[in-house]
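> My questions are about this predicted structure, shown below with the sequence.
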Amino acid sequence: MKRFFKRLGYLILVGILIIIYSTFVEPQLLRVTSHDISLNKVEGEPIKVVQFSDTHIGDFFSVKELQKVVDKINEQQADLVLFTGDLMDNASTYEGSLEEIASILSQIQASSGKYAVFGNRDYGGGAERFYEDLMTSAGFEVLVNEQETLMIKGTTLSLFGADDALIGYYDPLQTTQGIQDDHLNLLMLHEPDLSDDFIHQPIDLVVAGHSHGGQVYLPFVGPLITTSLAQKYVRGFYDVSDDMMLYVDTGIGNTKVPFRFFNVPQITVLYLKPE
């Protein structure tokens, strides 16, 4: 009986330490994750794409912490910076900070442009009234079921951005209208499960967020909780088809609960290289 209570005490202690770590330590960390991606449509020098997602500025992620993210992004010297949605957790409580947020985001440097799409939180809580204007004032172009064609280091890259599908005005056909097979085609989504809607399009790479990687991710078990339109694709790389690759970023901020476990907040660097 004494041995039982001793083991129980150890388990309780470990549980308390995990809660402390996942609440106060891991959410405050920030790492840069880098991946090389070989694509046959990259014709010149490698293209450096930096993706960040799901900052969820609010109770668990402050405007001050956003500055740290921006500083880390600028260290990467990106060609393209892509934000895949959910800037604020509850926008109605942050209207007084809009100018400060825009000012911080405006510091992000990218030689070939900064682009963003709407997430569901960028519509909810009144965010629809100011999200696009805020991002535009910060130097981002917000793609809403539309595309932009760029010449980057010798490669013709078409960047597509679909609108949010949970609250927004998602239209996959409009998003890829006029897509060309010979361009390097990169698609920005907020919700990763939408990738399947583009499976017959000549999309080379999809980047998405929304899932937070489950926020709490247990080794050998996986995410404890998944969310709508991020249940099939939760984190990391997936081959959606023979020709289309998906990358799901696990994001930076939290929503609903303060916990992150085995899911360090991250900025992703994608090196697009010729095959």
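Happy to help now that I have it.
> can you give me the helices in the stretch 51-200 of the chain?
Secondary structure of the stretch 51-200 of the chain (DSSP state H, counting those that start in this stretch): helices located at 63-75, 98-105, 131-137, 172-175.
> Between those, which one is closest to Gln266.
The closest approach between Gln266 and any of these, judged by CB to CB, belongs to helix 63-75 at 9.7 Å. Where you see a C-beta, it was placed from the backbone N, CA and C, and this is true even at glycine.
> Give me the angle between the closest one and helix 98-105.
Relative orientation of helix 63-75 versus helix 98-105 (axes from the mean of the first three to the mean of the last three CA atoms, to 10 degrees): 20 degrees.
> And helix 63-75, how far out from the chain middle?
Chain-centre distance of helix 63-75: 15 Å, with CA atoms, centre = their mean, to the nearest Å.
> Next: stretch 268-275.
17 Å.
> pLDDT averaged over it - what is it?
Stretch 268-275 shows an average pLDDT of 96 in the prediction.
> Can you give the contact residues for that stretch?
Residues outside stretch 268-275 that contact it (CB atoms under 8 Å, 6 or more residues apart in numbering) are 32-40, 42-44, 46-52, 76, 78, 155, 184, 205, 207, 247, 249.
> In this protein, where is pLDDT below threshold?
2, 5-6, 8, 94-96 (pLDDT under 70).
> List the contacts of the most centrally placed residue in it.
The centre of the chain sits closest to Ser53, judged by CA atoms, centre = their mean, with a distance of 2.7 Å. Ser53 makes contact with 83-86, 208-210, 249, 251-252, according to CB under 8 Å, 6+ apart.
> cutoff 6 Å now
Shown in contact with Ser53 (CB atoms under 6 Å, 6 or more residues apart in numbering): 84, 209, 249, 251.
> Distance of the nearest residue to the last one once chain neighbours are set aside relative to Gln231?
Pointing back at Gly251 there. Computed as CB to CB, 6 or more residues apart in numbering, the closest residue to Gly251 that is not its neighbour in sequence is Asp54, at 3.2 Å. Asp54 sits 16 Å away from Gln231, taking CB to CB, to the nearest Å as the criterion.
> ok, the two, which is more surrounded?
Asp54 (28 against 13; other CB atoms under 10 Å).
> residues touching that one, list them.
Asp54 makes contacts with 86, 209, 212, 251, 253, as judged by CB under 6 Å, 6+ apart.
> how about the nearest residue to the last one, chain neighbours excluded?
Translated: Gly253. Going by CB to CB, 6+ apart, Gly253 has His56 as its nearest residue, at 3.1 Å.
> just to revisit the earlier point, let's have the contacts of Ser53 in a markdown table, adding neighbour count and distance to Lys64.
Below are these laid out as a markdown table (neighbours: other CB atoms under 10 Å; distance: CB to CB, whole Å):
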| residue | neighbour count | distance to Lys64 |
| --- | --- | --- |
| Thr84 | 29 | 22 |
| Gly209 | 31 | 22 |
| Asp249 | 26 | 22 |
| Gly251 | 30 | 18 |
